[in-house]
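Trainee: test case, fold it:
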Amino acid sequence: TVFGEVVPERKVHSVSSLSAATNINKYRLFGLARSTELIPKTVDRNAYNQLVFPAAEAERVIGRIANSIPQNQVMEFLGSSTTQVEHLLRQKFIVSITPLIEEGRGQLRGNFNRDDLSDFLDRVCTNLPVIASEVDGYVSLSSVSRMRTDTGQVMSWLLNGELPKTCLLQGVNRIDHLRFCRSDVVKKIKAVSYTHLRAHETRHDL
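Mentor: Numbering: from 1, shown residues only. Reported below is the predicted structural model:
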């Protein structure tokens with residue numbers, strides 16, 4: 001009840017009311033509200049409860065964060081290595097829903113929504129032929145990435161339909177269950193190398 005009138009649906013939140021609704025510590029929620037621009041980044045911590053923001057948008061944003069995992073758990077979720085996650089992040093195949101924070105040795109940390117990660121796996125794995133066991137001539141992403149290419153390039157080829165023989169081992173939607181036709185990857189690498197060589201020769205001629 002607001003000023004004697006029943007309001008059936010909340011229109012705005014403060015940090016305190018959103019903290020009560022989500023069971024997230026109000027000081028952590030204040031930091032998240034600033035990092036996701038629900039409130040200006042210039043707002044002082046002592047004034048955290050003096051601003052309000054749209055309730056529906058706030059609950060959506062904070063709900064996505066609550067359903068997120070840190071970067072050091074993404075590799076287990078996707079079935080990938082730490083290096084592969086870093087490549088996927090640099091190429092924006094996966095995106096943190098909060099600003100990335102740089103930590104020691106240039107490593108980045110963020111929050112990765114589980115639904116977004118699942119959608120990415122669906123894009124990569126859905127409709128791929130399933131193989132029950134390893135097949136000669138087919139290799140994992142880790143093996144492919146050591147063939148004068150990298151995870152980002154291979155995933156681009158796959159999502160663009162340029163590696164049509166790719167299979168999924170045992171039908172498991174994980175990156176470590178992708179199996180690539182080695183000869184097709186070799187052809188793509190040679191084609192890219194040739195393109196780069198021709199571009200270099202053209203520049204040299206000019």
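Trainee: next secondary structure after the helix or strand containing Ala56?
Mentor: Secondary-structure assignment from DSSP states H and E places Ala56 in helix 55-66. Using DSSP H and E, the next helix or strand after helix 55-66 towards the C-terminus is strand 68-70.
Trainee: from the chain's centroid, how far away is the helix or strand following that next one?
Mentor: The C-terminal neighbour of strand 68-70 among helices and strands, as given by DSSP H and E, is helix 71-78. Offset of helix 71-78 from its chain centre (C-alpha atoms, centre = their mean, to the nearest Å): 10 Å.
Trainee: go on, stretch 38-46?
Mentor: Counting by C-alpha atoms, centre = their mean, stretch 38-46 comes out at 27 Å from the chain centroid.
Trainee: and what of stretch 71-91?
Mentor: Chain-centre distance of stretch 71-91: 8 Å, with C-alpha atoms, centre = their mean.
Trainee: mind listing what's buried along it?
Mentor: Neighbour-count burial for stretch 71-91, counted by 16 or more other C-beta atoms under 10 Å, picks out 71, 74-75, 77-81, 84-89. From N, CA and C alone the C-beta is placed, and that goes for glycine too.
Trainee: that stretch spans what distance, first to last residue?
Mentor: Chord length of stretch 71-91, first to last residue, is 15 Å (C-alpha to C-alpha, to the nearest Å).
Trainee: and for that stretch, what's in contact with it?
Mentor: Contact partners of stretch 71-91, identified using C-beta atoms under 8 Å, 6 or more residues apart in numbering, comprise 69, 94-96, 107-110, 112, 114, 117, 120-121, 141-142, 145, 150-152, 155-156, 172, 174-177.
Trainee: and the strands in the chain, which stretches?
Mentor: Here the chain has its strands, by DSSP state E, at 12-13, 53-54, 68-70, 101-102, 108-109, 111-113, 130-131, 138-139, 167-169, 178-181.
Trainee: quick revisit: out of the contacts of stretch 71-91, which are inside helices?
Mentor: Judged by DSSP state H, the contacts of stretch 71-91 include Arg114, Leu117, Phe120, Leu121, Leu141, Ser142, Thr151, Gly152, Met155, Ser156 as members of helices.
Trainee: take those residues and write them to TSV, including neighbour count and pLDDT.
Mentor: Below are the ones in helices among the contacts of stretch 71-91 laid out as TSV (neighbours: other C-beta atoms under 10 Å; pLDDT from 0 to 100):
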residue	neighbour count	pLDDT
Arg114	14	97
Leu117	18	97
Phe120	20	97
Leu121	16	97
Leu141	22	95
Ser142	15	94
Thr151	23	94
Gly152	18	93
Met155	23	95
Ser156	14	95
